[in-house]
Structures are given as structure tokens and as C-alpha cells.
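>>> Give the three-dimensional model of this entry:
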Amino acid sequence: MHGQVTGPVYAIYYPVLAAFGVPANLVTVVILSVGRCGLSRCITRYLVWMAMTDLLVIVTGVILNRISVIYFPVRFLSMTPVCSLKIYATYVARDSSVWLTVAFSFDRFVAICCQKFKRKYCTEYMAGVVIGTVCILSCFKNIPWYFVYEPLYVIKGVPWFCSIKSTFFSELIWAMFDWIDRLLNPFIPFLLILAFNALTVRNILATFRIRRRLRSQSNGEKQSDPEMENRKKSIVLLFTISSSFLLLWMTYLVNFLYVRITDNYQFTGFNDPKFILQESGNMLQLLSCCTNTCIYAATQTKFREQFLKMLKYPLNLIIKAVIQRRQ
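Below is the predicted model:
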């Protein structure tokens, strides 16, 4: 997310992303907050805050750091202290979004695989504690990003724009910070999400086989199992959210490994493959903040019902107003 972005593809992509991402996440927050989607309060709290942090990523990473630079170059936002603050806020929102996905995966793992621990951990209160801790730690962890940048120009004593300090690529302390930052996001989240999902799926499959065998022995015929149906719905939601995250962050991860291994940070222009790889990773990473709404709509019947009601509500108001006016 460093530097300014220009070019026709990016100039079109980011406004479209913002135009979809902002209302999509707002609608998700409203629908889930109403609490009529058949989800527990614990799950609902995680999903609401995931949508809120995704919205913050769109606002900071796309609108303030991308679209504003391309279309609305406001002088105040281009001052180096403000520019550094925008980038810092983007990293805070990004890390909060990623680690809430990890926290949600762990919560579902506990709910399905650790029945004794479930009653204490899978509660609305504990979800609030975890969410607050993740957000606070993200704020502290990303403070160094504010000091990574220096002015690109200094005009009449006023610093303008953000340029990465040359020491960021040469000094050991910055190299260590960069590696730690990438380990905490997305390396460790990748591994944790994969591990939690694998253990959860294994537990569900084992439980399913045992329950099917017992029900077959007791009833002699196949019957519906409400508990397993609920678990299937839970794992579908978990797996689609996690898979979306892993796939959309993969390019970003590959680019980081390539840059650090080759020690090549420069590119010649917009057609340079290194630049294309870097920006493709950024584009897909930001796209991950818009996918959860589509996932909920695809996997949750009650969410779709509430979403359709929201779409029909203004139309119904217009129809009623027209009818009353005619009468």
C-alpha cells in the first residue's frame, strides 16, 4: 500500500471497489445487528465487527489512499504528517480485519471441537473482549508505520507527500520490523486459519460418521439429524470466509516473498511485471474486504431474506406514497 497509484486500470478498479464495498459492508452491519439471521450473538458480534473493519479498510485504503490521490488531490491530505496518518490507519484497519477472521475461525473451532471449553469461551462477552483486544493491539503494533515515511518535497517549510525512507530497506531494525509485520499478517494468520479449519473439518467428519452409525443401528434407516445440519451450515460459512481470505491474500504474500528474496524493490513503470505483481496483490487484498457480504448472501438463507426486505423497503414506501397521493 506504499506510494501513489495511477494508471487506467487502477483508476477504474478502485472507484468500483469503493462503490460496492462501502454499501455492501454497511448493509451487512445493519442486517446482522438487527439479529434476525438465525445466528448466535457470539457469531453475530464477530461478523458485525469484521464488516466494520472491512469498511474501515475500504475508507482508508481505497478512498483516502487511492481514489483521493487519483481523482481528488486535496492539498491537506497530501501533507506528509496527514499522509503518514492515512497509511497508519490503513494498516490498523487491515490487521484488525485479518485477525478478527482468525478469531472467528478459532471461535468456531472451539464451538465445534472443544465442548467443555465452549460454554466459557463462545459467549457474547468473550467475543467483545477478543474483538477489543485485537483492535487495541493492531493500533499499537502499527505505530512504526507512521515513521517509515519522509517528505517527497518540502516547499516553503511544508512537507508534502510520502516517500519510503531509504533506511527502511537498508537498516536491520526496519528489516526486522518488516518481517515481523508480514509474519503477523498474513503468514501466521494463514497458518492458523488453515490449522483451525483442518481440525474443525476433521472433527465434524468424525462426528458425522459416528452419529450416522449410531442412528443407523438404532433406527435401521436414515433420518435427518438437526444437530449435524446446523454444524454443516456453520462449517460452510466458516470455510467460505476463510477460503476467500486465503485466496485473495495469496498474491500479496507471493509478492512480499519475491521482493525480499531477490532484494529488488525498484520498478521501471506501470508495465513492469514487478509493479503489476505488487499492485495485483494490493487489489486482491482490498477486494477481500468486499467478499463477505456475498458469502453471507450465498450461504445464509435468513440473511438473504433480510437483504431482500431492505431492498424492497424503499420501493414499498414509494408505492404507498403514490397510492396515498392518488387517493
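>>> roughly how far apart are the residue lying closest to Lys232 once chain neighbours are set aside and Ile295?
Excluding its sequence neighbours, the residue lying closest to Lys232 (CB to CB, 6 or more residues apart in numbering) is Ile204, at 7.7 Å. To be clear about C-beta, it is placed using only N, CA and C from the backbone, and glycine gets the same treatment. Counting by CB to CB, to the nearest Å, the gap from Ile204 to Ile295 is 19 Å.
>>> Repeat that for Leu192.
19 Å.
>>> returning to that earlier point: the residue nearest to Lys232: helix or strand, and which one exactly?
Take DSSP states H and E as the rule and Ile204 turns out to sit in helix 188-219.
>>> and that helix, what's its mean pLDDT?
Helix 188-219 shows a mean pLDDT of 80.
>>> Then stretch 126-133?
97.
>>> Could you tell me which residues within that stretch count as buried?
Ala127, Val130, Ile131 (16 or more other CB atoms under 10 Å).
>>> Remind me which helix or strand the second one belongs to.
Per DSSP H and E: Val130 is located in helix 124-141.
>>> how far does that helix sit from the chain's center?
15 Å (CA atoms, centre = their mean, to the nearest Å).
>>> Which elements pack onto that helix?
helix 41-57, helix 80-113 (3 or more CB pairs under 8 Å, 6 or more residues apart in numbering; DSSP states H and E).
>>> which SS class is Gln266?
coil (DSSP: H, G, I helix; E, B strand; the rest coil).
>>> Can you check the pLDDT for it?
You'll see Gln266 listed with a pLDDT of 70.
>>> what separates it from Gln278, distance-wise?
In terms of CB to CB, Gln266 sits 11 Å off from Gln278.
>>> Between the two, tell me which one has more neighbours.
Set Gln266 next to Gln278 and count neighbours by other CB atoms under 10 Å: Gln278 wins out with 22 against 7.
>>> In this model Asn255 seems to touch that one, though I could be wrong.
Yes: under the criterion of CB atoms under 8 Å, Gln278 makes contact with Asn255 at 5.2 Å.
>>> Considering the buried residues of stretch 126-133, which is situated nearest to Ile63?
Of all those, Ile131 has the smallest distance to Ile63: 23.6 Å, by CB to CB.
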